[in-house]
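# quick one: sequence and predicted model below, then my questions.
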Amino acid sequence: MCPDHISKTDALAKSARMRAGVYTFLADIFLRPLSASSLRRIRSSGFFRPLLGIGVGLGEDFCSASEDVLLDELAIDFTQLFHGPRNHIVPYESVQTGTDGGTLNGQATRRVRDFMDETDISLKQDCRELPDHISVEFEVMAELLRREAEALEGPQRNAAGYWETRQREFFDHHLGLWGPKFGKMVTERAATVFYRELGGLMANFLEVEKSLLCRQLDDTASP
């Protein structure tokens, strides 16, 4: 195998793992209010500086504010954003894409559950959400990307194409339909800089993913 092909394969695997990392980060952020350990990790220079590097500014006092005060502020904002009591954003695909306002545990929920069964993807033990919750859909994409990376790094590199196809399928039929709009709604309604900026990161990242997945499809279709 030629060195150029090896380098390209390594680059594709690295890219898949980096993208999986972003999806996992977003899944953690939008599943529940930040824990103290999660906040400390984000405040660390190894995490905070890369966020600044991609234009995500979390506010001048994010790293210096009292941990307890900041956790309380973020918990209140998270609750108001996603649980109400009024003008909140329901973080489920079946509600966001369903007709007449949609309902919980609707058709989208069942389709995501079927996709997860087909690909043998399970919810984390500590996750009690329905399959079409925004965080679960982020985790599905992260797992599909990890499997692509594992295929690229292993002896059966041809299997990577299968996982790319499943990524496009899940994104086009699920996350891509509502994720970017959901991120923009978070940005518009968030009371804290943190969730306003992370909503923007979600929307922008998913738009980039849409373009990337379309390019991959074009490359696959090219003779």
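Done, it's in.
# from here on, contacts and neighbour counts on C-alpha atoms
Noted.
# contacts for the strand or helix carrying Glu150?
Secondary structure from DSSP states H and E places Glu150 in helix 134-153. By CA atoms under 8 Å, 6 or more residues apart in numbering, the list of residues contacting helix 134-153 from outside reads 9-10, 12-14, 16-17, 19-21, 23-24, 26-28, 30-31, 91-93, 116, 121, 123, 129-131, 157-161, 163-164, 166-167, 170-171, 174-175, 179.
# from those, which land in strands?
Residues of the contacts of helix 134-153 located in strands (DSSP state E): none.
# from those residues, keep the buried residues only.
Buried members of the contacts of helix 134-153, counted by 16 or more other CA atoms under 10 Å: 9, 12-14, 16-17, 19-21, 23-24, 26-28, 30-31, 91-93, 116, 130-131, 159-160, 163-164, 166-167, 170-171, 174-175, 179.
# helices - which of those land there?
Those of those mapping onto helices are 9, 12-14, 16-17, 19-21, 23-24, 26-28, 93, 116, 159-160, 163-164, 166-167, 170, 179, per DSSP state H.
# show me where pLDDT drops low in the chain?
Along the chain, segments meeting pLDDT under 70 span 1-6, 99-101, 125, 217-223.
# which helix of it spans the most residues?
In the chain, taking DSSP H as the definition, the longest helix is helix 193-221.
# what packs against that one?
Identification of packing neighbours for helix 193-221 by 3 or more CA pairs under 8 Å, 6 or more residues apart in numbering; DSSP states H and E yields helix 67-82, helix 176-189.
# go with 7 Å
Where contact means 3 or more CA pairs under 7 Å, 6 or more residues apart in numbering; DSSP states H and E, helix 193-221 is packed against helix 176-189.
# report the buried residues of the helix it packs on.
Judged by neighbour count (16+ other CA under 10 Å), helix 176-189 contains these buried residues: Gly176, Trp178, Gly179, Pro180, Lys181, Phe182, Gly183, Lys184, Met185, Val186, Thr187, Arg189.
# okay, the residues you listed in TSV with distance to Phe82 next?
Compiled in TSV, the buried residues of helix 176-189 are given as follows (distance: CA to CA, whole Å):
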residue	distance to Phe82
Gly176	20
Trp178	15
Gly179	14
Pro180	16
Lys181	15
Phe182	11
Gly183	12
Lys184	14
Met185	11
Val186	9
Thr187	13
Arg189	10
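# nearest to Leu52, of those residues?
Checking the buried residues of helix 176-189 against Leu52 with CA to CA, the nearest one is Thr187 at 17.2 Å.
# quick check: the closest one vs His83, distance?
Counting by CA to CA, to the nearest Å, the separation of Thr187 from His83 is 16 Å.
# and Ile29, by the same measure?
Taking CA to CA, one finds Ile29 at 15 Å from His83.
# and those two? Which one has more around it.
Under the criterion of other CA atoms under 10 Å, the comparison of Ile29 against His83 puts Ile29 first, with 18 against 14.
# what's the more buried one in contact with, if anything?
For Ile29, no residue meets the contact criterion (CA atoms under 7 Å, 6 or more residues apart in numbering).
# distance of it from Lys8?
Distance from Ile29 to Lys8, by CA to CA: 32 Å.
# can you check Ser122 too?
Distance of Ser122 to Lys8, computed by CA to CA: 31 Å.
# between these two, which has more neighbouring residues?
The neighbour count for Ser122 versus Lys8, taken as other CA under 10 Å, is higher for Ser122 (14 against 11).
# ok, and the closest non-adjacent residue to that one?
Distances taken as CA to CA, 6 or more residues apart in numbering put Met116 closest to Ser122, at 6.7 Å, once the chain neighbours are dropped.
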